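> Show me how the following folds:
(one chain, ligands or ions: 1)
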Amino acid sequence: MSTMNTRTNSPLNSALTSSAQTRRQFIKTSSAAVGTALAAPYVLRGQAHDISAADVIKVGLIGCGGRGTGAASQAMKADKGTVLTAMADVFPDRLESSHQTLQKALPDKIKVEPDHRFIGLDAYQKLLDSGIDVVILTTPPGFRPIHLKAAVEANKHVFTEKPMAVDAPGLRSVMESVKVAKAKNLAMVAGFCWRYNPAERQIFERVHNGEIGDIRALYTCYNTGFLWSHPRKPGWTDLEYQLRNWLYYTWLSGDHITEQAIHSLDKMAWAMKDVPPVRCYAHGGRQVRTDPAFGNIFDHFSVVYEYPNDVKGYHFSRQQAGCFNDNSDQFFGTKGSAYIKAFGPLHITGENPWNLRSRTGLEDMYQVEHNEMYQSIRAGKPNNDGVRMARSTLLALMGRMAAYTGQMITWDEALDSQEKLMPDKLDWNAPMPVAPVALPGLTKFV
Ligand SMILES: NC(=O)c1ccc[n+]([C@@H]2O[C@H](COP(=O)([O-])OP(=O)(O)OC[C@H]3O[C@@H](n4cnc5c(N)ncnc54)[C@H](O)[C@@H]3O)[C@@H](O)[C@H]2O)c1
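Next comes the predicted model:
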């Protein structure tokens, strides 16, 4: 465990500034730390080509599962000029069922010729080379840093699902991709969907305007039951089994605090105007979902984030069946409190009471994020969520690091972590031993 470090000029802290010094600092950190695919220098040739009001926008989808199919549909509805022209997945059955669903729902918009349906671990690169303008990244998050890097190198506007990385080397690469995307005037819109939700936007605007005063404490909770899993079929290799059950492997999902509960942490970050915490400590374990079929992730976390000025953020997340479930957030300020029930009512108590009892009639957040992205591309001012999407991802990673090791972890330690979860090489036929489940107090911070 390294010594506590509370400096505030780390690359992520400084990422909103544009000084050459911080840019150099970030580039140096990034290229030294990441593995082979990510460590290669960025190719900085080219820019996004201008998309005028009349142009067709060709969209490609990488990761044709549940969210990818939904995001592609939303991209098609977001702009009358969008057309889906390419799809990529590691598994043909996933691509075909996604294609059929989309074709049935949006026959005029789905123009994916057979030679533009790419299969395999290198399918993403073939799709990026297929003449598209915008790419949707919806694979398991372990691949996200590699796909983001390739997408900005290929001058594509990007919609990327959360989280952006499962480890710090991946996150440092993502920060670099964000900068390159900005330099090339490319969109980088993140699937932190609550930021695009009309109801949440109302309450967060009030919180940011001081209606609950200065925030003193925050509570966020994502307690849910068990999720889906796929029993092993004859002929599946280790890699196929893990990819089809990616939620349960840290190298693919980053654990459920990173993959699912990150939505709650993103709301904590939003309330704090994306100011990072100084440090955190955490509890966590694997108590009920212990069968080896569920890989090597925990089934519960609780994290205390310490912010400047003695502000504390308390986070709870659980994936255990048969328990009390909650997906809500509360922020406590010097003048009042704000309450958010996911998909439910929102209200403020105290000096400036307010409430929104029903969300009926408000636009769907998943649609809004695409609407705004295509509007920004057409306007020549592409939206870039990059800094905040990286910060929210680090919030989850540091919570996991603190829970796995049982140690206090600072923001800067988490960002500088050398733990690399993605294997350097993936082989369809090689055995893939599962890394041991973390044991707090014994697992070392790396
Ligand atoms: N914002 C939200 O509310 C929300 C909701 C659900 C999922 N998500 C996120 O979306 C992403 C996908 O989740 P999902 O539920 O759609 O999972 P999924 O398993 O349904 O889909 C993932 C797809 O990616 C494919 N894939 C895996 N590795 C690949 C690779 N290297 N190249 C190409 N394709 C690959 C899989 O075969 C699968 O078809 C995750 O990051 C998840 O966290 C976000």
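
> residues from the protein in reach of the ligand?
Applying CB under 6 Å from any ligand atom, we find that the chain lies next to the ligand at 62-68, 88-91, 94, 121, 123-124, 138-141, 143, 161-162, 191, 193, 243, 259. All C-beta spots, glycine's among them, are computed from the backbone N, C-alpha and C.

> So in the chain, which strand runs the longest?
In the chain, taking DSSP state E as the definition, the longest strand is strand 215-224.

> Run through who's touching that strand.
The contact list for strand 215-224 (CB atoms under 8 Å, 6 or more residues apart in numbering) reads 207, 260-261, 263-265, 267-268, 271-272, 305, 310-319, 323-334.

> could you redo the last one with a cut-off of 7 Å?
Residues outside strand 215-224 that contact it (CB atoms under 7 Å, 6 or more residues apart in numbering) are 260-261, 263-265, 267-268, 271-272, 311-319, 323-334.

> Please identify which residue in the protein comes closest to the ligand.
Using CB to the nearest ligand atom, the single residue of the chain nearest to the ligand is Gly65, 1.8 Å away.

> Contacts only, for that residue.
By CB under 7 Å, 6+ apart, Gly65 lies in contact with 94, 138.

> switch to 8 Å and redo it
Gly65 sits next to 89, 94, 98, 138 when contact means CB under 8 Å, 6+ apart.

> Would you check that the second one makes contact with Cys64?
Yes: counting by CB atoms under 8 Å, Arg94 touches Cys64, with 5.1 Å between them.

> of these two, who's got more company?
A direct count of neighbours by other CB atoms under 10 Å for Arg94 and Cys64 places Cys64 higher, at 29 against 20.

> I figured the more buried one hits Ala88, correct?
Yes: taking CB under 8 Å as the definition, Cys64 is a contact partner of Ala88 at 7.5 Å.

> okay, and the common contacts of those two?
Listed as contacting both Cys64 and Ala88 by CB under 8 Å, 6+ apart are Leu95.

> tell me what the helix or strand hosting Met398 is packed against?
Assigned by DSSP states H and E, Met398 belongs to helix 386-405. Counting contacts by 3 or more CB pairs under 8 Å, 6 or more residues apart in numbering; DSSP states H and E, helix 386-405 is packed against helix 168-183, strand 188-190, helix 256-259, helix 262-271, strand 279-285, strand 300-306, strand 409-410, helix 411-416.

> can you give me the angle the first one makes with helix 386-405?
Between the axis of helix 168-183 and that of helix 386-405 there is an angle of 180 degrees, by axes from the mean of the first three to the mean of the last three CA atoms, to 10 degrees.

> Just list what helix 168-183 packs against, helices and strands only.
helix 20-33, helix 36-39, helix 144-153, strand 188-190, helix 386-405, helix 411-416.

> Good, wrapping up.
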